[in-house]
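Peer 1: Okay, predicted coordinates and the sequence, questions at the end:
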Amino acid sequence: MAELSDRPFPPGTYPVVVIGSGPGGLQVASRLRHHGIRHAVLSADDAPGGMFRRWPFFQRLLSWTKPYAPVGRAEHAYERYDWNSLLGEDPASRTLMPDLMDGSSYFPSRPEMQRNLELFAERAGLEVRYGCRWTATRREETATGTEVVLETTDGEYRAEVVIFAVGIAEPSRPATPGIELAAHYAETRPAESYADRRIFIIGKQNSGFELASGLLQWARRIIVASPSPAKLSVNTRSLVGVRARYVQPFEDHVLGGGVAILDTAIQSITRSADGSLEVRARPTAGGEELSFEVDEVIAATGFTSPLRDLADLGVATFGQSRLPAQTPYWESASVPGIFFAGTISQGAGGLKKHGQPANSGAVHGARYNARVLVDHLATTHFGIDLDRPPIAAADVVETIVDALALAPELWHQRAYLARVVSLDPDEGARDEGIVPLAAFVDGNADGEVSDAVALTLEADGSGAIYPVIYARRGGAISEHGVEPDLLLRYDTADVRRQVAEIVAGFGVGAARS
Amino acid sequence: MANPDEIVDQIASFGLFADLATPQLEGVAHTFEERWYAEGERILRQGISGSAFHIILEGEATVVIDGEERATLGRGDFFGEVSILLGEAPVADIVAKRALRCLVLAGPQVQAFLVDHPPVMYRMLQAQTRRLRIANRWRS
């Protein structure tokens, strides 16, 4: 049993326990190591990668990495073009994805992504206790405060802080009568087994259209149906909606091929005497009930977070994915000490200005959330002072313009993460780091300073992406948007002038620059 | 922790959706998103642009203008539509008085939703007219 005793993180008490070894868990672990915060990482899997060990079903990601981009791979700004690498604390663990791609697509294949995550874990020196499944949770009062107790297949773990990075991977089905006759997306068989079959897909999210796209050359007929019309990412101008990769079924539909895309509420699924399935549905816009005779029904109706018994502890959840409601720093909004990372971090919705969500559901957004979360824990729970480098008065405008033009955290997490520069007339200007914008705007960010600007980028759904500066002076916040540029150039003389005007109002002498 | 089926049951009794049949209510449940706010959390922010239309499913919210509490909203009440219709930042903070569950529609989607659902637009107009009448009474 030498092998077993070699496993890291035996049961016991740790300052922080992280659950999960997908991108979220790995990113958190890397940052905890960076700060020297003692922790344990537990995973039910037997290797790193999380959902990317299984999905996407058709083996090609939806998030791109451009091997050749407007900025070089060694630049911090390159992260804007590489959605899949995790954030390394040293050069050896940075920007791993582009070198692992075979050049056939700028969407990495699933195995390439898996390798990227495995290599990150290796290069960042991350330890994980694999094959250790979290089974139950409770909270206990101790002499020093409240502890979270995690029961696992290996024994009990206790921690003041637990970070759940368990993904959103529990298949979810609607309550439709007969839904048990449908397979879930997660149970899809190899594509060729659908040859010459009539397929009814419930759901107009990416998973439904991924299946419809992948089965176009196999299925005899495909019906994609759900109550509300499909949104397309190129129309919403965000990650909301069906991604461009999967719009082919729409073309087939509008050109009269074998695909039908319908807005109907599904009433029931029943098995007919001949073994086929009958789906009954009512058009959402009104009209006669429709009946479909098909061979297969697939419920592409999404996934929920596998939060086990956290709801019994009082963790509030919302929406179809049953996401935990979170503070701007990704702590359960209803139970302290329980934090979330990875794709679940999208439960902290932020300002969601103009309805545009941040990209927290994807690696390229969640990786920054994880870093900010660990930095937050470092200051609030472990007494670690983060670096707040002073900025010379003459450099303030250029520092701000640089962030607006290039910072990948701000470009990926629009109206969600912000770089804060404090502008105290006495103390001068300081870089306060990356902060959740909602915390800044509502005045409850860590190390809150009175006079400061928060820098972010925003989009309003019109297609433009533009910098916005939130200025706080004497407790009052004002919002300053920069005129959108068609080519997204924000290191211009015009932007410098606008920034200088805003900064001048703070009286730190930067207006001279 | 509602799924669309549960949301349909909840909103069927709301005045705003009184004229919609069940399949249309299902469409609404799929078009709006659900959000949960902790007690004390700000939902709309006075002077900050880009807000959304909210309908309260559970809980209560306070309307706060310049730090002063002006009104309390409850189940079935809605807010955010004025700033969206006028294309301006909200003139009030909306703060969760206790845990609040809402249906939310992004500002840019409101016009298309109302145009697609004239009975909802009519009910919203009625509600606005009632508010206007109260405001006029105060003035006279």
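Peer 2: Yep, that arrived.

Peer 1: Please name every helix or strand in contact with the worst-scoring helix or strand of chain B on mean pLDDT.
Peer 2: Least confident helix or strand of chain B, by mean pLDDT, DSSP states H and E, is helix B:4-11 with a mean of 86. Applying 3 or more CB pairs under 8 Å, 6 or more residues apart in numbering or on different chains; DSSP states H and E, we find helix B:4-11 packed against helix B:22-31, strand B:52-58. C-beta here means a position set from N, CA and C on the backbone, and glycine is covered the same way.

Peer 1: outside of that helix, which residues touch it?
Peer 2: For helix B:4-11, contacts defined as CB atoms under 8 Å, 6 or more residues apart in numbering or on different chains pick out A:174-175, A:227, A:320, B:2, B:17, B:22, B:25-26, B:28-30, B:32, B:34, B:55, B:57, B:103.

Peer 1: Contacts only, for residue 106.
Peer 2: Let's take chain A. So residue A:106 contacts A:64, A:65, A:66, A:67 (CB under 8 Å, 6+ apart).

Peer 1: if you could check chain B rather than the one you did, that'd help
Peer 2: Contacts of residue B:106 (CB under 8 Å, 6+ apart): A:352, A:354, A:355, A:356, A:461, B:52, B:53.

Peer 1: can you count the residues close to residue A:221?
Peer 2: Number of residues near residue A:221 (other CB atoms under 10 Å in any protein chain shown) recorded here: 17.

Peer 1: Local confidence estimate at it?
Peer 2: Looking at residue A:221, its pLDDT reads 97.

Peer 1: Check the gap between it and chain B for me.
Peer 2: 23 Å (CB to the nearest CB, to the nearest Å).

Peer 1: these two touch, right, that residue and residue A:258?
Peer 2: Yes - judged on CB atoms under 8 Å, residue A:221 makes contact with residue A:258 at a distance of 4.9 Å.

Peer 1: could you pull out the helices for chain B?
Peer 2: Taking DSSP state H as the criterion, chain B contains helices spanning B:4-11, B:22-31, B:81-86, B:107-116, B:118-139.

Peer 1: hmm, back to that, can you lay out the contacts of residue A:106 as TSV showing pLDDT and secondary structure?
Peer 2: Shown next, in TSV, are the contacts of residue A:106 (pLDDT from 0 to 100; DSSP: H, G, I helix; E, B strand; the rest coil):
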residue	pLDDT	secondary structure
A:64	97	coil
A:65	98	strand
A:66	97	coil
A:67	95	coil
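
Peer 1: If you average pLDDT per helix and strand, which one of chain A comes out bottom?
Peer 2: Per mean pLDDT, DSSP H and E, bottom of the list for chain A is helix A:2-5, a mean of 53.

Peer 1: tell me the mean pLDDT for the next helix or strand after that helix?
Peer 2: Once the chain leaves helix A:2-5, the next helix or strand it forms, by DSSP states H and E, is strand A:12-19. Computed over strand A:12-19, the mean pLDDT rounds to 98.

Peer 1: returning to what we had before: figure out which of the helices and strands packed on helix B:4-11 is closest to chain A.
Peer 2: helix B:22-31 (3.8 Å; CB to the nearest CB).

Peer 1: which secondary structure element contains residue A:40?
Peer 2: Residue A:40 belongs to strand A:39-42, assigned by DSSP H and E.

Peer 1: Which residues outside that strand are in contact with it?
Peer 2: Here strand A:39-42 has contacts from A:8-9, A:14-21, A:25, A:29, A:32, A:126-129, A:132, A:134, A:150, A:152, A:154, A:157, A:159, using CB under 8 Å, 6+ apart.

Peer 1: just stretch A:141-159 next, same as before
Peer 2: Contacts of stretch A:141-159 (CB under 8 Å, 6+ apart): A:10-17, A:19, A:40, A:42, A:129, A:131-140, A:160-162, A:336-338.

Peer 1: Can you tell me which of the residues you listed are buried?
Peer 2: A:11, A:14, A:16-17, A:19, A:40, A:42, A:129, A:132, A:134, A:137, A:160-162, A:337-338 (16 or more other CB atoms under 10 Å in any protein chain shown).

Peer 1: interface residues of chain B facing chain A?
Peer 2: Proximity of chain B to chain A is confined to B:1-5, B:21-24, B:26-27, B:29-31, B:33-38, B:41-42, B:45, B:47-52, B:89, B:99, B:101, B:105-109 under the rule CB under 8 Å from any CB of the partner chain.

Peer 1: Report the buried members of these.
Peer 2: B:1-4, B:23-24, B:26-27, B:29-31, B:33-38, B:41-42, B:45, B:48-52, B:99, B:101, B:105-109.
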